[in-house]
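pasting the sequence and the predicted model now:
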Amino acid sequence: MATGDNKMIKLYLDIDGVLLTKKQTRISDNCVEFLEYIVGRFDCYWLTTRCKGDVNSTLESLSGFFDSRSIVNLKKIKPTSWDSLKTEAIDISEEFYWLDDAPLQAEIDYLKKNGVLNRLIIVDLERKNELLNVVNNQLSVL
């Protein structure tokens, strides 16, 4: 989604528990449609332990789960670099959203301290059609 000055909102994205099931046995329900939606509307960044600056290893780890059309979309997601907390990679001076299934308490505290906790979207794949619900109820209203 574009902001008032046509700058796209950043979307930070976890993999395990968001795109893949927690046990990493398959992609999450509606994941292909979800990817198509987000890469077309947001400036997307990986925010996952699977990517700390090197997107090639991230794509390699996902290649067995996704078809070639989805891999094209995955390649549009940019890498981030961070050391201890994922929030180190988030530019809180710009408009953003972060999708994660299990942020650390220290990350939640950081967002809260900086007045941007509302930018965190907790994904729970145990809920039916979770990624579609995130799109329809949280990301589409932006």
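Cool, got the structure. Numbers count the residues shown, from 1 in each chain.

flag the shaky bits of the protein, pLDDT-wise.
Residue ranges of the chain with pLDDT under 70: 1-6, 141-142.

show me what whichever helix in the chain runs longest packs onto, helices and strands only.
Counting by DSSP state H, the longest helix found in the chain is helix 31-41. In terms of contacts (3 or more CB pairs under 8 Å, 6 or more residues apart in numbering; DSSP states H and E), helix 31-41 is packed against helix 68-74, helix 130-134. Where you see a C-beta, it was placed from the backbone N, CA and C, and this is true even at glycine.

what's the last one in contact with?
Read that as helix 130-134. With contact meaning CB atoms under 8 Å, 6 or more residues apart in numbering, helix 130-134 is reached by 18, 28-31, 33-34, 99, 121, 123-124, 127.

can you redo these as TSV with distance to Leu47 and neighbour count?
As requested, those are exported to TSV (distance: CB to CB, whole Å; neighbours: other CB atoms under 10 Å):
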residue	distance to Leu47	neighbour count
Val18	10	26
Ser28	16	20
Asp29	21	16
Asn30	20	16
Cys31	17	19
Glu33	21	13
Phe34	16	23
Leu99	8	23
Ile121	12	16
Val123	12	21
Asp124	17	12
Arg127	21	11
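
show me which pair in the residues you listed is furthest apart.
Glu33 and Asp124 (18.1 Å; CB to CB).
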